[in-house]
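*Asks:* I would like the atomic coordinates for the input below:
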Amino acid sequence: MRPFTILVILALAAFFAAVAALGLWFGRLAGEHAGPPTIQAAATPPAPAPPTTAQPDAPQRTFAAVVPYRPAAPPSTISAFRLMDHERKVVTEADLRGHYSLVFFGYTNCLQVCGPTLANLSLAMDELGTAAESINVYFITVDPKRDTRTVMEAYVRGTNERIRGVTGTDEQVEAALAAFGAERIVHPAATTEINDTLIEHTAVVFFLDREGRYKTHFREGMPAFEMAMAIRNGW
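*Replies:* Take a look at the predicted model:
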């Protein structure tokens, strides 16, 4: 190899070595004046929400609509009471004589038993046919504050014509309940709405003879055909 070529190669090598060394020197200088390295903080997870304390549901207004009929002894005779039916006719214990009677205590806002019972009474009268002419049916309210004569008239309209809606003052209704050995328990309204008032009550159907005396009573919810059969068998 010629001496000139060797010199060129050595010069180039020295040049590149100098460039590399200069680069390293500038890198160190920059590092000395730079701030400390920035560490990227890990994302902080959101704080967990405080545990939710389950709030108890508002107390449910549950009640038994029916007060079991368990007198020490059913009344052999019906004591005095005075009420008024939906046709403005006075109804007393004396009006229970001279015909058979079916008497049911309930109220028009009843949620469970009164509507079906009244429907069964109407169907039983229809099933008895002409025999029903010797029977009067009295639907006596246990809720006279709401069940006025007008309300009772509208409620029994469309049922059998022998069904009479009966109401009175609170004291008069109490007297009628006592006369049959029946009961009611008035639960105050949960709200300011008067229609929220609930009433437990005796819900059997009383069957009286032609002298106005207690013969028997039919259980709550007795179907119409059973009631009609029991009436025929109990003349």
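
*Asks:* how close does the nearest residue to residue 126 once chain neighbours are set aside sit to residue 109?
*Replies:* With CB to CB, 6 or more residues apart in numbering as the criterion, residue 126 has its nearest non-adjacent residue at 6.3 Å, and that residue is residue 160. For the C-beta atoms, the positions are set from N, CA and C on the backbone; glycine is no exception. The gap separating residue 160 from residue 109 is 22 Å, by CB to CB, to the nearest Å.

*Asks:* if we can go back for a sec, count of neighbours near the residue nearest to residue 126?
*Replies:* Other residues lying near residue 160 total 18 when counted by other CB atoms under 10 Å.

*Asks:* quick one: it and residue 132 touch, right?
*Replies:* Yes: with contact defined as CB atoms under 8 Å, residue 160 counts as touching residue 132 (7.3 Å).

*Asks:* what is in contact with those two at once?
*Replies:* 125-126 (CB atoms under 8 Å, 6 or more residues apart in numbering).

*Asks:* Quick one: the helices in this structure, in order.
*Replies:* Taking DSSP state H, the helices of the chain run over residues 3-33, 114-128, 149-156, 170-180, 224-233.

*Asks:* If I average pLDDT within each of the ones you listed, which one is lowest?
*Replies:* Lowest mean pLDDT within the helices of the chain: helix 3-33, a mean of 52.

*Asks:* Give the closest residue to residue 102 in space, chain neighbours not counted.
*Replies:* For residue 102, the spatially nearest residue (CB to CB, 6+ apart) is residue 137, at 4.6 Å.

*Asks:* give me every residue that touches that neighbour.
*Replies:* Per CB under 8 Å, 6+ apart, neighbours of residue 137: 101-104, 121, 125, 160, 162-164.

*Asks:* of all the residues you listed, which two lie farthest apart?
*Replies:* Put simply, by CB to CB the two of the contacts of residue 137 set farthest apart are 103 and 160, 14.8 Å from each other.

*Asks:* Next, format the contacts of residue 137 as JSON lines and append distance to residue 207.
*Replies:* Compiled in JSON lines, these are given as follows (distance: CB to CB, whole Å):
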{"residue": "101", "distance to residue 207": "8"}
{"residue": "102", "distance to residue 207": "6"}
{"residue": "103", "distance to residue 207": "8"}
{"residue": "104", "distance to residue 207": "11"}
{"residue": "121", "distance to residue 207": "11"}
{"residue": "125", "distance to residue 207": "13"}
{"residue": "160", "distance to residue 207": "16"}
{"residue": "162", "distance to residue 207": "14"}
{"residue": "163", "distance to residue 207": "15"}
{"residue": "164", "distance to residue 207": "16"}
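
*Asks:* Keep only those of these that are in strands.
*Replies:* Among the contacts of residue 137, the subset assigned to strands under DSSP state E consists of 101-104, 163-164.

*Asks:* Among these, which one lies nearest to residue 189?
*Replies:* residue 104 (24.3 Å).

*Asks:* Between the ones in strands among the contacts of residue 137, which sits nearest residue 75?
*Replies:* Closest to residue 75 out of these is residue 103 (11.4 Å), distances taken as CB to CB.
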